[in-house]
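Chemist: A structural model of the following input is requested.
(chains A and B)
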Amino acid sequence: DTAVSQTPKYLVTQMGNDKSIKCEQNLGHDTMYWYKQDSKKFLKIMFSYNNKELIINETVPNRFSPKSPDKAHLNLHINSLELGDSAVYFCASSPVRGPNSPLHFGNGTRLTVT
Amino acid sequence: ILNVEQSPQSLHVQEGDSTNFTCSFPSSNFYALHWYRWETAKSPEALFVMTLNGDEKKKGRISATLNTKEGYSYLYIKGSQPEDSATYLCAFYNFNKFYFGSGTKLNVKP
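Modeler: Got it, this is the predicted structure:
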């Protein structure tokens, strides 16, 4: 019944590895997002997709690549992981784009790079 | 970079106390302000979507007000209960994205 689910919940990996985080929403929403919680606990937008189309691509290293095979899924692939990538990553969705549409979040993936 | 500030950073109250906290945001080009409740080990959940100056929204014992001209929103909790313990986030919408504050962590002691 989970509305926005992301896997894995925890990810521990070594520098230089490539890893993916998966996200699925069963709410029928058009828009999906990836947020990163930084060291000061702020949630910062990384990417946003609307109906599988990339609409927001923040200043994020090229090592981060989102992929949306359909509008219910938005996966995040990270190449050549670095220590500074350690953070909690949140997937979210909203019914439509725009300011009036509340975000529905997944439970987060805690990534630790050693 | 837009600054969205929340105060206080944390708050400890006794059960039954009423409390409030603040979200400050830029007063120009306002589109919307959201409030979210984030309980430990869970994901943030939307409380209110506020779009008009003077908006007041209420959900049970929790209410929020909005002043877009001066750039602030207040969240009020009346008669706090231990289950209200959570981090309360505000998010300001501009330039097609949300800018989140760092949250106010509320702890309600029984």
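
Chemist: List the contacts of residue 103.
Modeler: With no chain named, the answer covers chain A. Shown in contact with residue A:103 (CB atoms under 8 Å, 6 or more residues apart in numbering or on different chains): A:33, A:92, A:93, A:94, B:34, B:36, B:44, B:46, B:91, B:98. C-beta coordinates here come from the backbone N, C-alpha and C atoms, glycine included.

Chemist: right idea, wrong chain: chain B
Modeler: When contacts are counted by CB under 8 Å, 6+ apart, residue B:103 is found next to A:41, B:6, B:9, B:38, B:87, B:88, B:89.

Chemist: redo that, cut-off 10 Å
Modeler: Contacts for residue B:103 were tallied using CB atoms under 10 Å, 6 or more residues apart in numbering or on different chains; they are A:41-43, B:6, B:9-10, B:21, B:23, B:36-38, B:44, B:86-90.

Chemist: lowest-confidence helix or strand of chain B?
Modeler: Each helix and strand of chain B was given a mean pLDDT (mean pLDDT, DSSP states H and E); the minimum falls on strand B:97-100 at a mean of 94.

Chemist: where does chain B come near chain A, residue by residue?
Modeler: Along chain B, the residues adjacent to chain A under the rule CB under 10 Å from any CB of the partner chain are B:4, B:9, B:30-36, B:38, B:41-51, B:87, B:89, B:91-103, B:105.
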